[in-house]
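Colleague: Predicted model and sequence follow; I will ask about them next.
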Amino acid sequence: MSRFFTRQHPPVTALLAASFGVAGALALIWTNPSFDDYEAHAGDQLVLLATAELCDENALSMLLRLWVKDCSALVTSQRGALADLAGRFTTRWNFGIGSFYVTQLEAETLLPGLSLPEVEVLSLGLAGRFVVLRAETNPGTKE
């Protein structure tokens, strides 16, 4: 009968696990990247992709290659504009401990013979980092 009246204490391991869980959740909330962080990240990624796509020897026409002397420097100088572009076409779902970002860009013709592809990127922002979960591109065939 005395066991009904004794107070049961939770095990120490359960308290430690709960404490670590709460501390982990608070750390994730604290380090959840902001929309500005995502814009900067997207700008960096777009610079890398655009440099790889546009600065290849066969990507630009002969006329454009004569006009653009240092393609990679030109693309890098547009980092802010590319980050702003990504920000305008991005939707963020903030869940406190992390955020999902969906960036959707339509195919656009920049110059005759030079067009941007259609792009959709799903990213997860968690613990101050970004992870691309899905990236789909379709060639820029807009007429």
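Modeller: Sure thing, it's come through. No experiment lies behind these values; they were computed from the predicted model shown. Numbers count the residues shown, from 1 in each chain.
Colleague: residue ranges with poor pLDDT in this protein?
Modeller: Scanning the chain for pLDDT under 70 picks out 1-9, 57-67, 109-116, 139-143.
Colleague: Now with 50, please.
Modeller: Scanning the chain for pLDDT under 50 picks out the ranges 142-143.
Colleague: Residue 120: which element?
Modeller: strand 118-126 (DSSP states H and E).
Colleague: Strand partners (parallel or antiparallel) of that strand?
Modeller: strand 98-105 (antiparallel), strand 129-138 (antiparallel) (DSSP bridges).
Colleague: any idea which of these is most buried?
Modeller: strand 98-105 (a mean of 18; mean count of other Cβ atoms under 10 Å). Every C-beta, even on glycine, is put in place using the N, C-alpha and C of the backbone.
Colleague: and residue 29, what does it touch?
Modeller: Residue 29 is in contact with 96-97, counting by Cβ atoms under 8 Å, 6 or more residues apart in numbering.
Colleague: Which secondary structure element is home to it?
Modeller: helix 12-30.
Colleague: Buried by neighbour count: which residues of that helix qualify?
Modeller: Residues of helix 12-30 classed as buried: residue 28 (neighbour count, 16 or more other Cβ atoms under 10 Å).
Colleague: any idea how far it is from the chain center?
Modeller: Helix 12-30 sits 27 Å away from the centroid of its parent chain (Cα atoms, centre = their mean, to the nearest Å).
Colleague: just stretch 46-58 next, same as before
Modeller: 19 Å.
Colleague: Just the buried residues of that stretch, please?
Modeller: Applying 16+ other Cβ under 10 Å to stretch 46-58 flags 46-47, 49-51, 54-55 as buried.
Colleague: Please apply the same query to stretch 35-47.
Modeller: 38-47.
Colleague: ok, those vs residue 98, which is closest?
Modeller: When the buried residues of stretch 35-47 are ranked by distance to residue 98 (Cβ to Cβ), residue 38 comes first, at 11.8 Å.
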